[in-house]
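**Student:** Got a sequence here, can you build the structure:
(one chain, ligands or ions: 1)
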Amino acid sequence: MELSDRARAVLDEARRAGDADVAWKEGRVFSLAYYAGPEVEQVAERAHAMYTSANGLNAEAFPSLKRFQAEVVATVTDWVRGDSQAAGYMTSGGTESILMAVKAARERGRRERGIVTPNAILPESAHAAFEKACYYFGVEARRIPVRPDWRADVNAMSDACDDDTVLLVGSAPQYPQGVIDPIPEIAAIAARRGVNCHVDACMGGVTLAFMERAGESVAPWNLAVPGVTSISVDLHKYGYTAKGASVIVHRNRLLRSYQTFVTDNWLGGLYGSSGVLGTKSGGPMAAAWAVMRFLGEEGYLALTRSAREACLRLADGVDAIDGLVVRARPDSTLVSFGAADADRPVDVYAVADGLAARGWYVDRQGPPPSLHCTVNASHAATVDDFLVDLRSVVADVAASDRRGDAGAYGTVD
Ligand SMILES: *Cc1c(COP(=O)(O)O)cnc(C)c1O
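**Tutor:** I've put the predicted structure just below:
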């Protein structure tokens, strides 16, 4: 329809509000946003717009959303090698998938074993969302230091288990250093104890599935591993769809039943929901379905190849810069790096400041103080320019002894 002047003015103001946002479509932002080009973006935005106000709370009223969820979950189940018993749901993101994994594990422990003071065994590298989930759901988070190669220390995890343990976690890959935990060993401990093992493949789920299809060898990471009971895969990362889309797949329907919430203890009748949200926009569900349908296996294969190639080029380039070391060879598309051992190690947060001044955005993290790049397909064209600037910024910072600020992955306002 033709918009009024007033409507156009409001929309212009909304657009201008974003002028100071990071420029994530130009391949200069190594965090927070993912870009597969203008056509994929259009497919996502238009499908999203069609279902923005449709409500995923009741799929019976919206057979469209029921279909989108069923087809998206089926595709992801195939990617993570679930069998015909597997059952999942779409969620609003990695955090909600993880919240539900922890809730399902707590519920299983409560119902099957009467556990009232549950604990979860988490490598220190497991995402902050597990900390949030444990806090929300009254589960003790037992953090176990990782090995020198940054992977989960399976023996220490085993030692930390007791009769109240309801969950062991491994990540594929873990966010901070980008390596895959020893999933078969972690899952074996869980299976022996009859408790849940969740694999956090929020970041790696799409990429690892297509690295395998591209012929790369990938450490075991999915439901093909005995003992893994659930796995999370974010679509709003390497699925290249609109924000608000992730999937959690459980090994079977019984395990999934511990995720859902049902009550009739109020005056409004029977109420059931699969996740944290009540009313839930159909937009992200429709966008995910449309983008996955549009890209298909071939699209994801091509995007995975270019992101992976760009990531390895970035890791090799960083390692070749005097004063920097890569924390680990990337198992998927995440690179973390810090200061090389030296009398006066370069302050990597000052390096991040210098990069920001040249229009590049990288994540700051620690311990240990490190910079982190989440490399997606849009970086294939920019990695070489980034390396040129990184080399020169490191030299500047080393010469000036500048210090920077550690920043934060998420924020509170
Ligand atoms: C992004 C991420 C999460 C959290 O997902 P959100 O979509 O930010 O809620 C969890 N685990 C890993 C490994 C991640 O990369």
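**Student:** going forward, measure contacts between C-alpha atoms and count neighbours the same way
**Tutor:** OK.
**Student:** all strands of the stretch 151-300 of the chain, in order?
**Tutor:** 165-171, 196-200, 230-234, 246-250, 261-263, 271-273 (DSSP state E, counting those that start in this stretch).
**Student:** Return the most buried member of these.
**Tutor:** strand 230-234 (a mean of 32; mean count of other C-alpha atoms under 10 Å).
**Student:** how many other residues sit next to the residue of the stretch 151-300 of the chain found nearest the ligand?
**Tutor:** Using C-alpha to the nearest ligand atom, Met203 is the residue of the stretch 151-300 of the chain that sits closest to the ligand, at 4.2 Å. Using other C-alpha atoms under 10 Å, Met203 is surrounded by 27 other residues.
**Student:** swap in Leu312?
**Tutor:** Around Leu312 there are 19 other residues, counting by other C-alpha under 10 Å.
**Student:** what's the answer for the one 4 residues further on, then?
**Tutor:** Taking other C-alpha under 10 Å as the neighbour definition, Asp316 ends up with a count of 15.
**Student:** Stretch 99-106 near the ligand anywhere?
**Tutor:** No - Stretch 99-106 does not reach the ligand (C-alpha under 6 Å from any ligand atom); its nearest approach is 9.5 Å.
**Student:** I'd like the mean pLDDT over that stretch, please.
**Tutor:** Across stretch 99-106, the average pLDDT comes to 98.
**Student:** List the contacts of that stretch.
**Tutor:** Applying C-alpha atoms under 8 Å, 6 or more residues apart in numbering, the contact partners of stretch 99-106 are 118, 129-130, 132-134, 137, 139, 166-167, 195-196, 198, 230, 248, 255-259, 275-276.
**Student:** Lowest-scoring secondary structure element of this structure by mean pLDDT?
**Tutor:** strand 271-273 (a mean of 94; mean pLDDT, DSSP states H and E).
**Student:** what's the spacing between the spatially closest residue to Gly407 that is not a sequence neighbour and Asn55?
**Tutor:** Take Gly407 and drop its neighbours on the chain: the residue closest to it by C-alpha to C-alpha, 6 or more residues apart in numbering is Arg364, 6.2 Å away. Note on Arg364: its distance to Asn55, by C-alpha to C-alpha, to the nearest Å, is 37 Å.
**Student:** between the longest helix seen in the chain and strand 246-250, how many degrees?
**Tutor:** Longest helix of the chain, by residue count under DSSP state H: helix 283-319. Interaxial angle of helix 283-319 relative to strand 246-250 (axes from the mean of the first three to the mean of the last three C-alpha atoms, to 10 degrees): 90 degrees.
**Student:** How far away from the center of its chain is stretch 238-245?
**Tutor:** Centroid displacement of stretch 238-245 relative to its chain, using C-alpha atoms, centre = their mean, to the nearest Å, is 10 Å.
**Student:** Tell me which residues are up against that stretch.
**Tutor:** 34-36, 40-41, 44-45, 48, 90-93, 203-204, 206-207, 234-236, 284-285, 287-288, 291-292, 300, 376.
**Student:** Kindly report the residues of the chain close to the ligand.
**Tutor:** 93-95, 127, 174-175, 200, 202-203.
**Student:** For Arg364 and Asn55, work out which one has more neighbours and name it.
**Tutor:** Per other C-alpha under 10 Å, whichever of Arg364 and Asn55 has more neighbours is Arg364, with 22 against 17.
**Student:** so the more buried one touches Cys373, yeah?
**Tutor:** No - look at Arg364 against Cys373 with C-alpha atoms under 8 Å: they stay out of range, at 9.2 Å.
**Student:** List the buried residues in stretch 317-335.
**Tutor:** 317-319, 321, 323-335 (16 or more other C-alpha atoms under 10 Å).
**Student:** Tell me where this structure has helices.
**Tutor:** 5-17, 38-51, 63-79, 94-113, 128-137, 154-160, 183-193, 205-213, 253-257, 283-319, 348-357, 383-400.
**Student:** Out of those, indicate the one that is most buried.
**Tutor:** For these, the highest mean count by mean count of other C-alpha under 10 Å goes to helix 94-113, at a mean of 23.
**Student:** what angle sits between that helix and strand 230-234?
**Tutor:** Using the same axes, to 10 degrees: helix 94-113 against strand 230-234 is 170 degrees.
**Student:** the inter-axis angle of helix 94-113 versus helix 128-137?
**Tutor:** 50 degrees.
**Student:** and helix 94-113, C-alpha only, in CSV?
**Tutor:** Extracted C-alpha coordinates of helix 94-113, given in CSV (Å, rounded to 0.1, in the frame of the first residue of the first chain):
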residue,chain,number,x,y,z
GLY,A,94,20.6,-21.0,21.3
THR,A,95,19.9,-19.8,24.8
GLU,A,96,16.3,-21.1,24.8
SER,A,97,17.5,-24.5,23.4
ILE,A,98,20.0,-24.7,26.2
LEU,A,99,17.5,-23.6,28.8
MET,A,100,15.2,-26.4,27.6
ALA,A,101,18.1,-29.0,27.6
VAL,A,102,18.8,-28.2,31.2
LYS,A,103,15.1,-28.2,32.1
ALA,A,104,14.6,-31.6,30.4
ALA,A,105,17.6,-33.1,32.3
ARG,A,106,16.4,-31.7,35.6
GLU,A,107,12.9,-33.1,35.0
ARG,A,108,14.1,-36.5,34.0
GLY,A,109,16.2,-36.7,37.1
ARG,A,110,13.3,-35.6,39.2
ARG,A,111,10.7,-38.0,37.7
GLU,A,112,12.9,-41.1,37.1
ARG,A,113,15.2,-40.8,40.2
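**Student:** Where do the domain boundaries of this protein fall?
**Tutor:** For the chain, automatic domain parsing gives the domain ranges 44-293, 296-400.
**Student:** Can you give me the first-to-last residue distance of the longest one?
**Tutor:** By that I understand domain 44-293. For domain 44-293, by C-alpha to C-alpha, the gap between its terminal residues amounts to 11 Å.
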